[in-house]
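Engineer: okay, sequence plus prediction incoming.
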Amino acid sequence: MSQVNLIEYGIVIAGHGSRDSEGVQEFESLMQIVKQRSMGHPVSHGFLEFARPTIDEAIREHIQVGIKRITVVPGVLLAATHAKNDMPSEVQALRREFPDVQIDFGAPLHLHPLVLQLIQRKIIETESKSKRVLKRSETCLVVVGRGTTDPDANSDVSKLARMVEEGMGFGASMVCYSGTAKPSIADGLQLAGRLGFSRMVVIPFFLFTGVLVKRILSATEEFRDRTSGVEVLSCDYLGVHESIADAFLQRAAESIEGQAAMNCGLCKYRVAIVGYENEKGAPQQGHHFHVRAARTSSSEESIKPIETPTSQGIKKGYETHPIEVESFEIIDRGRDWSMFKQPERDLLQRLVHTSGDFAIVDDIYISPGAVEAGLKALSTRSLIVTDVTMVQSGLRRTLLEKFDISTRCHVHDEETRLMAEASGITRSAAGIRRAWMQYGNNLILAIGDAPTAVEETVRLINEQRWRPYLVIGLPVGFVGTAECKENLRRCLHVPRITNHGTRGGSPWAAAVINAMLIRLAREVL
């Protein structure tokens with residue numbers, strides 16, 4: 001238990017209040033969750049206006065029962081006039097009245113990581129309700145803020161939009177406001193509609209319902225009714241949620257500890273930021289020690305191949321362990337390989353080495369030119385995406401590092417979990433869908449565990465014209481496994497490597513990539 005949890009202090013969540021009774025009820029419902037999760041710290045709440053109790057009354061409630069330390073946390077999203085002037089004035093007046101009581105003032109929620117994660121969840125749930133599956137690059141995100149006379153608070157809405165746009169891979173973002181700032185919600189929707197995207201996702205950056213939120217819903221429905229050619233999806237506001245309660249409690253603890261809310265609080269290496277969760281705690285490494293080859297996803301001609309070993313400073317030659325050498329000598333004598341040309345022979349022998357079974361050769365299907373396509377993609381540092389971490393872990397790390405080839409596996413990401421739950425698909429399939437959304441065609445897929453990942457790949461190839469450089473589909477199992485491999489084998493749009501039947505597994509998929517990496521190493525090292 002941290003030191004701050006041992007300190008006796010009371011918490012006051014200071015809300016603004018609303019003319020809309022539903023908004024006040026939602027605030028009070030959230031306060032019940034805050035109390036349940038406060039680890040014994042007494043919690044009360046008050047409002048600036050339009051509702052009771054007032055902030056003054058809430059603070060006095062703690063003082064009357066003998067609490068000598070109180071933190072007041074603004075129950076608002078952004079630091080505008082209410083959090084910068086009105087609420088601190090209330091606190092300062094009570095400090096003068098009760099000099100023996102320490103009253104701290106906390107920071108508003110701002111762009112707390114829990115807030116960002118809840119926005120991510122809202123967007124994914126909304127997307128899953130549509131009958132269409134689109135890339136996020138074909139979607140414009142529209143973030144609607146309250147709008148105030150404080151440009152700093154208004155600019156935070158733009159910062160939020162940019163972080164979510166980049167973190168979730170939207171094609172663009174538009175910011176508008178339902179209050180005093182410009183553009184208005186109606187103008188913002190109209191501007192976003194002119195950008196030519198297939199879909200717009202509108203999300204209100206509000207804690208609770210109220211007059212302004214209902215104004216957003218009305219304007220969005222009106223825009224949807226008079227607009228054709230673009231799908232308009234409406235997200236819910238943040239609302240009553242445990243994540244918001246926990247964020248308030250963290251702000252309370254920060255104020256007790258005297259921590260300043262700085263920009264580095266959203267550093268992707270310190271906290272799990274939407275879209276960059278895997279980089280939390282990652283070691284910092286320089287990326288400019290030598291010239292990197294350029295890479296684009298739209299033009300193969302513009303992709304520079306791996307530079308020569310001398311220019312890259314890579315050790316000459318590829319060293320093989322003596323046991324591996326002896327194993328491949330046995331494999332080479334174990335059957336007649338003359339019917340197989342290079343580089344397919346290397347790949348098949350590597351699979352025999354991995355499985356310990358010569359019969360695997362008769363099950364493998366390699367489409368014409370598939371191995372050559374994989375070698376070309378690897379030589380241009382194309383990304384390798386796997387369905388599970390077992391495949392990713394089985395890849396030759398030293399060769400990946402020498403060739404500066406990155407790998408990705410999204411199966412354990414929070415967004416993948418949310419997408420799987422919202423869309424009713426497996427995490428493996430959701431991870432593949434995210435790869436399609438984020439990376440386009442410039443990748444190799446290596447699937448060694450989940451038949452549903454193969455099925456999702458085939459569906460995206462057929463319906464969304466996805467064209468990875470190479471698809472390796474070698475899952476293992478008895479439910480849908482043989483069928484998904486047959487569907488992949490018949491998918492003529494992409495180079496592919498698969499097998500017949502139920503056998504396969506992560507080591508097999510990794511072995512295919514490793515065979516190509518080793519051949520590439522022997523050719524250029």
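Structural biologist: Received it, and whenever you're ready, just let me know what you need. Numbering: from 1, shown residues only.

Engineer: in the stretch 151-300 of the chain, which spans are strands?
Structural biologist: Using DSSP state E, counting those that start in this stretch, the strands of the stretch 151-300 of the chain run over 172-177, 199-204, 231-234.

Engineer: save the ones you listed as a markdown table, and put in mean pLDDT and distance to Val142 too.
Structural biologist: No exception for glycine: its C-beta is placed from N, CA and C like everyone else's. As requested, those are exported to a markdown table (pLDDT from 0 to 100; distance: least, CB to CB, whole Å):
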| stretch | mean pLDDT | distance to Val142 |
| --- | --- | --- |
| strand 172-177 | 97 | 5 |
| strand 199-204 | 98 | 4 |
| strand 231-234 | 97 | 9 |
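
Engineer: for these, which one sits closest to Lys135?
Structural biologist: Closest of the strands of the stretch 151-300 of the chain to Lys135 is strand 199-204, at 9.4 Å (criterion: CB to CB).

Engineer: neighbours around Asp336, how many?
Structural biologist: When neighbours are defined as other CB atoms under 10 Å, Asp336 has 6 of them.

Engineer: on the pLDDT front, check it for me.
Structural biologist: Listed pLDDT for Asp336 reads 88.

Engineer: can you check Ala153 too?
Structural biologist: 87.

Engineer: show me where the stretch 101-250 of the chain dips below the pLDDT cut-off.
Structural biologist: Filtered on pLDDT under 70, the stretch 101-250 of the chain yields no residues whatsoever.

Engineer: and the helices in it?
Structural biologist: 113-128, 151-168, 185-193, 211-225, 242-257 (DSSP state H, counting those that start in this stretch).

Engineer: returning to that earlier point: format the strands of the stretch 151-300 of the chain as a markdown table; extra columns: distance to Ile323 and mean neighbour count.
Structural biologist: Listed next are these as a markdown table, based on distance: least, CB to CB, whole Å; neighbours: other CB atoms under 10 Å:
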| stretch | distance to Ile323 | mean neighbour count |
| --- | --- | --- |
| strand 172-177 | 54 | 22 |
| strand 199-204 | 55 | 24 |
| strand 231-234 | 57 | 18 |
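
Engineer: the nearest residue to Glu28 once chain neighbours are set aside and Ser21, how far apart?
Structural biologist: With sequence-adjacent residues excluded and distances taken as CB to CB, 6 or more residues apart in numbering, Glu28 is closest to His45, at 7.4 Å. His45 sits 16 Å away from Ser21, going by CB to CB, to the nearest Å.

Engineer: between those two, tell me which one has more neighbours.
Structural biologist: More neighbours surround His45 than the other of His45 and Ser21, with 25 against 12 (other CB under 10 Å).

Engineer: please state the offset of the one helix or strand that one maps to from the chain centre?
Structural biologist: Remark: His45 resides in strand 43-47, with elements defined by DSSP states H and E. The chain centre lies 34 Å from the centre of strand 43-47; the measure is CA atoms, centre = their mean, to the nearest Å.

Engineer: next: stretch 58-70.
Structural biologist: Taking CA atoms, centre = their mean, one finds the center of stretch 58-70 at 42 Å from the center of the full chain.

Engineer: contact partners of that stretch?
Structural biologist: Outside stretch 58-70, the residues that touch it by CB atoms under 8 Å, 6 or more residues apart in numbering are 7-12, 14, 42, 44-46, 53, 72, 90-91, 94, 98, 100-104, 256.

Engineer: try it again at 6 Å.
Structural biologist: If you take CB atoms under 6 Å, 6 or more residues apart in numbering as the criterion, stretch 58-70 is touched by 9-10, 12, 44-46, 94, 98, 101-103.

Engineer: likewise stretch 465-476?
Structural biologist: Contacts for stretch 465-476 (CB under 6 Å, 6+ apart): 373-374, 377, 382, 436, 441, 443-451, 454, 457, 460, 481, 485, 488, 494-499, 504-505, 508-509, 512.

Engineer: quick one: which of the residues you listed sit in helices?
Structural biologist: Of those, the ones assigned to helices by DSSP state H are 373-374, 377, 436, 451, 454, 457, 460, 481, 485, 488, 508-509, 512.

Engineer: between these, which is closest to Gly196?
Structural biologist: Among the ones in helices among the contacts of stretch 465-476, Trp436 lies closest to Gly196 (CB to CB), at 20.9 Å.

Engineer: how about the nearest residue to Pro113, chain neighbours excluded?
Structural biologist: Val271 (4.7 Å).

Engineer: do the same with Leu470
Structural biologist: Gly374 (4.3 Å).

Engineer: I'd say that neighbour and Met516 touch.
Structural biologist: Yes: with contact defined as CB atoms under 6 Å, Gly374 counts as touching Met516 (4.9 Å).

Engineer: on that earlier part again, would you write a PyMOL line that selects the buried entries of the contacts of stretch 465-476?
Structural biologist: Restricted to buried positions by 16 or more other CB atoms under 10 Å, the PyMOL selection for the contacts of stretch 465-476 reads:
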select buried, resi 373+374+377+382+436+443+444+445+446+447+448+449+450+451+454+457+460+481+485+488+494+495+496+497+498+499+504+505+508+509+512
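
Engineer: next helix or strand past the worst-scoring helix or strand of the chain on mean pLDDT?
Structural biologist: Least confident helix or strand, the chain: helix 309-312 with a mean of 35, by mean pLDDT, DSSP states H and E. Downstream of helix 309-312, the first helix or strand assigned by DSSP H and E is helix 322-333.

Engineer: okay, the angle between the helix or strand following that next one and helix 322-333?
Structural biologist: Next along the chain after helix 322-333, taking DSSP H and E as the criterion, comes helix 344-355. For helix 344-355 against helix 322-333, the angle by axes from the mean of the first three to the mean of the last three CA atoms, to 10 degrees is 120 degrees.

Engineer: other residues contacting helix 344-355?
Structural biologist: Contact partners of helix 344-355, identified using CB under 6 Å, 6+ apart, comprise 327, 331, 337, 358, 360-361, 366, 371, 507, 511, 515, 519.

Engineer: which among those residues end up buried?
Structural biologist: 327, 331, 337, 360-361, 366, 371, 507, 511, 515, 519.

Engineer: contact partners for His500?
Structural biologist: By CB under 6 Å, 6+ apart, the neighbours of His500 are Asp363.

Engineer: confidence score at it?
Structural biologist: 95.

Engineer: how close does it get to Leu351?
Structural biologist: Per CB to CB, His500 is found 13 Å from Leu351.

Engineer: strands of the stretch 401-525 of the chain, start to end?
Structural biologist: 407-408, 443-447, 470-473, 496-499.
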